[in-house]
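S.K.: Mind looking at a prediction? Sequence and model below.
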Amino acid sequence: MKYKEEILEAEGQVYSVKWSPSLKKHEDCLLIGDLELDAEIWLNKNRTSTTKSKSIIVKTVMLLLSLGLSIFILRNIVSSTVLSWESGINPSYNKSLRLSPLGKRETSPKWINIFEKTSDITYGLSPPWYPTPKGGTTSKWTESYKKAQKLVNQMSLTEKVNITTGTGWQMGLAVGNTGPAIHAGFPSLALQDGPLGIRFSDNITAFPAGITTGATWNKQLMYARGKAMGKEARMKGVNVLLGPCVGPLGRMPAGGRNWEGFGADPVLQGIAAAETIRGIQEEGVMATVKHFVGNEQEHYRQRFETHNNEYALSVNIDDRTLHELYGWPFQNTIKVGVASVMCSYQMVNNSYACQNSKLINGYLKDELGFSGFVQSDWAAQDSGVASALAGLDMSMPGDGLRMGDGKPFWGQELTKSIFNGSVPIERLNDMVTRVVAAWYQLGQDDRAKFDRNGPNFSSWTKNRTGVLHPGSPDDQPKVVVNQYIEAQGSGNETHSTIARQVAAEGTVLLKNSGILPLNPNYSPENNIKLRIGIFGEDSSSGKGPNFCEDRGCNQGTLGSGWGSGSVEFPYLISPADALKKALDKDKFNITVFPNNTLSSNTTTSILKDQDICIVFASADSGEGYITYNGNTGDRNNLFLQNGGDELIKGVANSCGDSNGDTIVVIHSVGPVIMESFVHHSNIKAIIWANLPGQESGNALTDVLLGKVNPSGKLPYSIGKSLEDYGPGAKVLYNSSLTVPQLTFEEGLYIDYRHFERYDIKPTYPFGFGLSYTKFEYNNLVVTKVLEKSELPSPRPAGVNPPTYPSTIPDIRESLFPTGFRKLKKYIYPYISNITDVKESHYPYPDGYYDEQSPSPAGGDEGGNPDLWNIYASVSVEITNIGHVAGKEVAQLYVSFEDVEINDSEDIDFPIKVLRQFEKVDLDVGETKTIQFHLTRRDLSYWDVIKQNWVMPTGGCITLLVGASSQDLRLSGYY
């Protein structure tokens, strides 16, 4: 190939740059800094040809190039590793370009790329990490891997491929189905959403959402909810439950799926997810933690979904922020043995998350010691060989770029890749061994405990009979697909009890001027009943909770957000119905106005004729494939929906002819701006009810009437405006770039960390919540368990992983069996002809054969075992000094402001970060001592140079305990 040479002048210097004439140079070139770069042009056709240019000397070249009709990013990184093929556009797509740095390593990595003249410098590029670390190196999984090795040794190549590849969208009863290894005796696995119950199923529980569970700050309830979900999954024949969710973390308060997670803090998310997973997996069901990692918004999260964009968004996250923020909760879940991790749709540092070798191989499997399997989100796989080499273990649902296209990246293509050498046989063996080991680890081989007959329900029809593979257009016989098995529990173990308790404890009392709790034993004077008016669509049943597919609309009382994380409600108790049932009609006159419009004279008359008005409003969001009222997954703003703000103000202004008291109840997926009504003199109480699930009205009534003393705490901050959350909190709704870019420039500073850094006072702070009683904190004692030391103990030697013969079987064994009847669009592992296997010209990525040094932060599940050793304990006494029993959440924060760092490099720390919490139940006058345990990781920061967790040994680490992030009453030092 011939190259065009041009002379560029910048900053008084002249440079010679060569490029292919097929590339169109952007007019604006920016050249700064010193670096020798080797430019490499990929013009791939069928992944075969590459051409390398001569070296060019530039001053850190940052160019915007137009490749054909696509804008691509020319960028560089100063680091010890060259840029890989995985960075940016996949080589399987015609054209891409990369730069590889030469010369000595710089100690501080600097990430730069530029996309247009006005772009900011952004973080980018995910360096290569190959090959995939083998599973089975951690002691807790040893026996399961031994069993898996024995079984995998009995499998044919096509059986192995079958286990790693889904059968296709709607090609089984579950939302995800793997093929079986029939001769070896391994069943098809059923994978089913989701994070708050069993999606598309009957006779199950619609649990409160993750965000409501996080608001309980109750570890025991987090575990109990998880265990109930696990039991229902097992009873429905589900092998792998697609939850819990810790990504998104909540960087953007308007993010569509924040409600599926547990709150805008990595510690709260990590503890809640770990407890949930313990519960699920104790029932023998494999849990899946998702979405790994950086899936913070719905717009542009996947190709084709937003504005039909050809490529997904790239979120660009620096190393420290990954470790201390977005990766933190995943580390907790791996520590407790989660069976599966789901990689997300979007790119991370310009490499698709499901083919990002640095994230999956280097971080997840090496550093964090993950022993389970990595599965793709549905149609999040964007390549065949590249994703296999990067560490993906299971393709879901098995199709290619679009669900239901029947054109897989794996399946028969993976079989071919083994025969032509594109994918090493040892990678396939590790993929299938990880899946089988997880199956053994959860005891699913025990037929007495786990039914191998698959799901007893269909995700695709509510009828008793149906076809097994509705995604195929071929004729199929109808069979029984729905057995209507009861899974909700019974008697004292009914799951509705747990759902109601979680919803009640997840309710946050934000304001109370003495009006609550309402007295259900009110005694009318002169037979005059207390008049209570209930206002708003959100108070009532509307058209029913399942009126919109996947809960994709905000009508009636809001019980959950929308999308794949939702479930079919068996019922939904509305607040209006529950209150009418709970209040004696001989003492109370209840009027319900289930409408958000207060324009009629009748409405005005109803409002004036009340003593107390309870007004309901809501804000909804969900997954990006659904748009409701112009909100495509993410919310367009932080205001209440369906005229909620005006409704609240109208009720407060007119209730009781302006002499009545107003109680506001809000159901929301996340923060809303409340400044227009929060200080209204007639609003005496505000209740934040989150997303309460099927027991919504009952749980709220328990709180309103004092049966349950509110003990929920906010799992995020409620700001006065979207701007209060900082520039990084804004959703990227539109982008002119072919590959939209979203750089997490704020680093560690999201939610309360941002508010505190910039001294912004929120409406209500993170961790805040009132009670009907009061608590006093006393006698904080810090006990040093272990002495400070800068670095963790050396990484321990792991267990030897399973080994297999490296021989490739006879290709004829992988042909379709004679007389085999194929279903259209079903994903098979077989090949049709031996000639289908072509000689491989697929280039392995740079760095594939480089020897990788194991991370010093690794060594076991969850990382270096020393990270989990307790270095300090904190005890504190809490006394209930009020007049009713109640529960208090004591929160422990760590501040590094008074530490001394030995390195010359300046380390920036948030003012404080949450590190532990405990919930305590106290009778009137009762005092209890609670204990917090702080691990090495809790007391450390991630050092990007040492590539390890570093504990500051100079100065003091401050330990703060209190009732919220802004109400810290005691302090001590370590």
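M.R.: Done, it's in.
S.K.: isn't Y326 right next to N295, touching?
M.R.: No - in this structure Y326 lies outside contact range of N295 using Cβ atoms under 8 Å: 9.5 Å. Placement of C-beta: from N, CA and C, glycine included.
S.K.: Can you work out which residues contact both of the two?
M.R.: The contact sets of Y326 and N295 overlap at G247 (Cβ atoms under 8 Å, 6 or more residues apart in numbering).
S.K.: Between those two, point out the one with more neighbours.
M.R.: Ranked by neighbour count (other Cβ atoms under 10 Å), Y326 and N295 place N295 first, with 29 against 26.
S.K.: Can you tell me how far the closest residue to that one other than its chain neighbours is from N554?
M.R.: In this structure, N295 finds its nearest non-sequential neighbour in S344, 4.0 Å apart by Cβ to Cβ, 6 or more residues apart in numbering. As for S344, its distance to N554 is 25 Å (criterion: Cβ to Cβ, to the nearest Å).
S.K.: now do N631
M.R.: Between N631 and N554 the computed distance is 9 Å (Cβ to Cβ).
S.K.: pretty sure the residue nearest to N295 is touching E296, no?
M.R.: No - counting by Cβ under 8 Å, E296 is not a contact partner of S344; they are 9.5 Å apart.
S.K.: Give me the more crowded residue out of these two.
M.R.: Between S344 and E296, counted using other Cβ under 10 Å, E296 has the larger neighbour count: 31 against 27.
S.K.: my read: that one touches G256, true?
M.R.: No - distance between E296 and G256: 9.7 Å, which falls outside the contact criterion (Cβ under 8 Å).
S.K.: For burial, what's the neighbour tally of the spatially closest residue to K825 that is not a sequence neighbour?
M.R.: Once flanking residues are discounted, K825 sits nearest to G406: 3.5 Å by Cβ to Cβ, 6+ apart. Neighbourhood size, G406 [other Cβ under 10 Å]: 20.
S.K.: Okay, G406 and P397: tell me how far apart.
M.R.: With the distance defined as Cβ to Cβ, G406 ends up 11 Å from P397.
S.K.: shared neighbours, these two?
M.R.: Common neighbours of G406 and P397 (Cβ under 8 Å, 6+ apart) are G168.
S.K.: The nearest residue to V480 once chain neighbours are set aside and P477: what is the separation?
M.R.: Nearest residue to V480, sequence neighbours excluded (Cβ to Cβ, 6+ apart): T465, at 5.7 Å. T465 sits 10 Å away from P477, going by Cβ to Cβ.
S.K.: Between these two, which has more neighbouring residues?
M.R.: A count of neighbours by other Cβ under 10 Å puts T465 above the other of T465 and P477, at 12 against 7.
S.K.: What sits closest to the residue nearest the centre of the chain if chain neighbours are left out?
M.R.: With distances taken as Cα atoms, centre = their mean, the residue of the chain nearest its centroid is G247 (1.9 Å). Distance criterion Cβ to Cβ, 6+ apart; nearest residue to G247, sequence neighbours excluded, is H291 at 4.4 Å.
S.K.: mind checking the SS state of the one you found?
M.R.: At H291 the chain is in strand, as set by DSSP: H, G, I helix; E, B strand; the rest coil.
S.K.: Next, the buried residues of the one helix or strand E646 maps to.
M.R.: With secondary structure defined by DSSP states H and E, E646 is part of helix 644-654. Buried residues in helix 644-654, defined by neighbour count with 16 or more other Cβ atoms under 10 Å: G644, D645, E646, L647, I648, K649, G650, V651, A652, S654.
S.K.: give the contact list for the fifth one.
M.R.: To tie it back to what came earlier, the one meant is I648. Applying Cβ under 8 Å, 6+ apart, we find I648 in contact with V615, A617, L640, T662, V664, F677, I683.
S.K.: Report the contact partners of H680.
M.R.: Counting by Cβ under 8 Å, 6+ apart, H680 makes contact with K649, A652, T662.
S.K.: With respect to K236, which of those residues is nearest?
M.R.: T662 (43.5 Å; Cβ to Cβ).
S.K.: Tell me where the model's unsure across the protein.
M.R.: Applying pLDDT under 70 to the chain flags the ranges 1-125, 903-904.
S.K.: Break it into its domains for me.
M.R.: The chain breaks down by automatic domain parsing into domains covering 4-113, 139-456+802-836, 509-709, 775-789+865-973.
S.K.: how far does the third one stretch from start to finish?
M.R.: Translated: domain 509-709. 10 Å (Cα to Cα, to the nearest Å).
S.K.: Tell me which residues touch the closest residue in space to V289 that isn't next to it in sequence, please.
M.R.: Among residues not flanking V289 along the chain, T333 sits closest, at 4.3 Å (Cβ to Cβ, 6+ apart). Residues near T333 by Cβ under 8 Å, 6+ apart: P244, V246, G270, A273, A274, I277, A287, V289, V341.
S.K.: at 7 Å what do you get?
M.R.: Neighbouring residues of T333 by Cβ atoms under 7 Å, 6 or more residues apart in numbering: A273, A274, I277, V289.
S.K.: Double-check that it belongs to a strand.
M.R.: No - going by three-state DSSP, the assignment for T333 is helix, not a strand.
S.K.: Could you check how far it is from G270?
M.R.: Distance, T333 to G270, using Cβ to Cβ: 7 Å.
S.K.: Would you map the strands across the stretch 201-350 of the chain?
M.R.: Per DSSP state E, counting those that start in this stretch, the stretch 201-350 of the chain carries strands over the ranges 240-241, 286-292, 314-316, 340-343, 347-348.
S.K.: now, of those strands, which is deepest in the fold?
M.R.: Mean neighbours per residue, mean count of other Cβ atoms under 10 Å, is largest over the strands of the stretch 201-350 of the chain for strand 240-241, with a mean of 30.
S.K.: Which elements pack onto that one?
M.R.: helix 219-235, strand 286-292 (3 or more Cβ pairs under 7 Å, 6 or more residues apart in numbering; DSSP states H and E).
S.K.: Residues contacting that strand, please?
M.R.: With contacts defined as Cβ under 7 Å, 6+ apart, strand 240-241 is touched by L189, L191, Q192, M229, G230, A233, I280, V285, M286, A287, T288, S340.
S.K.: Off-centre distance for that strand?
M.R.: Distance of strand 240-241 from its chain centroid, counting by Cα atoms, centre = their mean, to the nearest Å, is 15 Å.
S.K.: Partner strands of it and their direction?
M.R.: With DSSP bridges as the test, strand 240-241 is paired with strand 190-192 (parallel), strand 286-292 (parallel).
S.K.: how near is L221 to H495?
M.R.: To H495, L221 is 13 Å away according to Cβ to Cβ.
S.K.: the more surrounded of the two?
M.R.: Set L221 next to H495 and count neighbours by other Cβ under 10 Å: H495 wins out with 25 against 22.
S.K.: which residues touch that one?
M.R.: With contact set as Cβ under 7 Å, 6+ apart, H495 has these partners: T205, A228, E232, Q488, G489.
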